[in-house]
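A.B. asks: sequence below, structure please.
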Amino acid sequence: MNTYFQFKQFTIHQDKCAMKVCTDACLLGAWVANKFYENNIIANNILDIGCGTGLLSLMLAQKTAACINAIEIDEDAFLQANENIEASVFKNRIKVINTNAVNYNNKEKFDFIICNPPFFENQLKSDDVERNKAMHCTTLSFNELSKTIKNNIANSGKAAILLPYESVIKFEKIINTYNLFIVEQLNINHSPKHPFFRSIILISYTNNNIVQQEMFIKDNAGIYSDEFTFLLKDYYLNL
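C.D. replies: Sure thing, here's the model as predicted:
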């Protein structure tokens, strides 16, 4: 079994990190990068909350000219992210910081924030302590994440979060208490015959009607959908 995941412009080593490269995280990074392109968004700086292997930071660095601060509480994951970023051509624009997101309050606010948070609440945990930290809301609750976004987002900024589909309503109620609102929501299923299992939400200070979108990763024949292929073709080797 490979301990790394090879992308077209960078490599993600993941032997030290509890959370490995997964399809929905890749989709989050690619969807956000495409939003930058489609909407001509210019972000001078980006915050990656809980960067893990550094995957999302590298995906956005490939598609933007932004400087990126990637924060990670787990020391092993921090070291892994730093290793992956230092080996990439984007290393001069990404700074990895070993810190707790709850305590992070940057002097300069960020134009964009991205996060694939630990989101399994009140579910059976494994014996792997580091995996529990990465997957369960033991180190970063929804309220703490919302507060971190509030403390670090620019007035005109946006944030993109990956969540379980069934957790969106709960998370929305929490971010609303910080005067932040969902402006777009992409609901994702494995195939047309499967129910939604993930959502990517786009957050800002603007309180408008939510733009709802849907996509499936593979069709009923097990082939990557056109939408998925379009988003990931600049990252995945075999697309």
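
A.B. asks: all contacts plus neighbour counts: C-alpha atoms, from now on.
C.D. replies: Will do.

A.B. asks: can you give me the strands for the chain?
C.D. replies: Ranges of strands in the chain, per DSSP state E, are 4-6, 11-13, 45-49, 67-72, 94-98, 110-115, 153-164, 181-189, 196-204, 211-216.

A.B. asks: parallel or antiparallel, list what pairs with the first one.
C.D. replies: The reference is to strand 4-6. Strands that pair with strand 4-6, judged by DSSP bridges, come out as strand 11-13 (antiparallel).

A.B. asks: just grab the bridge partners of the residue nearest to residue 204 when sequence neighbours are not counted for me.
C.D. replies: Distances taken as CA to CA, 6 or more residues apart in numbering put residue 158 closest to residue 204, at 4.8 Å, once the chain neighbours are dropped. Residues in a beta bridge with residue 158, per DSSP bridges, are residue 112.

A.B. asks: looking at this protein, which helix or strand is least sure?
C.D. replies: helix 129-135 (a mean of 42; mean pLDDT, DSSP states H and E).

A.B. asks: neighbours of the nearest residue to residue 142 once chain neighbours are set aside, just the number please.
C.D. replies: Ranked by CA to CA, 6+ apart and with sequence neighbours excluded, the top spatial neighbour of residue 142 is residue 171, at 6.4 Å. As a burial measure, residue 171 scores 16 neighbours (other CA atoms under 10 Å).

A.B. asks: for residue 220, same thing?
C.D. replies: Neighbour tally, residue 220, other CA under 10 Å: 14.

A.B. asks: my guess is it contacts residue 191, does it?
C.D. replies: Yes: between residue 220 and residue 191 there is a contact under CA atoms under 8 Å: 6.0 Å.

A.B. asks: list the contacts of residue 153.
C.D. replies: Residues near residue 153 by CA atoms under 8 Å, 6 or more residues apart in numbering: 109-113, 159.

A.B. asks: just the C-alphas of the longest helix seen in the chain, formatted as PDB.
C.D. replies: In terms of residue count, the longest helix belonging to the chain (DSSP state H) is helix 23-38. The C-alpha trace of helix 23-38 is given here as PDB (Å, rounded to 0.1, in the frame of the first residue of the first chain):
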ATOM      1  CA  THR A  23     -12.200  11.900  -2.500                       C
ATOM      2  CA  ASP A  24     -14.500  14.400  -0.800                       C
ATOM      3  CA  ALA A  25     -11.600  16.500   0.500                       C
ATOM      4  CA  CYS A  26     -10.200  16.600  -3.000                       C
ATOM      5  CA  LEU A  27     -13.600  17.600  -4.300                       C
ATOM      6  CA  LEU A  28     -13.700  20.500  -1.700                       C
ATOM      7  CA  GLY A  29     -10.300  21.800  -2.900                       C
ATOM      8  CA  ALA A  30     -11.200  21.500  -6.600                       C
ATOM      9  CA  TRP A  31     -14.700  23.100  -6.100                       C
ATOM     10  CA  VAL A  32     -13.200  26.100  -4.300                       C
ATOM     11  CA  ALA A  33     -10.400  26.500  -6.800                       C
ATOM     12  CA  ASN A  34     -13.000  26.500  -9.600                       C
ATOM     13  CA  LYS A  35     -15.100  29.100  -7.700                       C
ATOM     14  CA  PHE A  36     -12.100  31.400  -7.700                       C
ATOM     15  CA  TYR A  37     -11.800  31.000 -11.500                       C
ATOM     16  CA  GLU A  38     -15.600  31.200 -12.300                       C
END
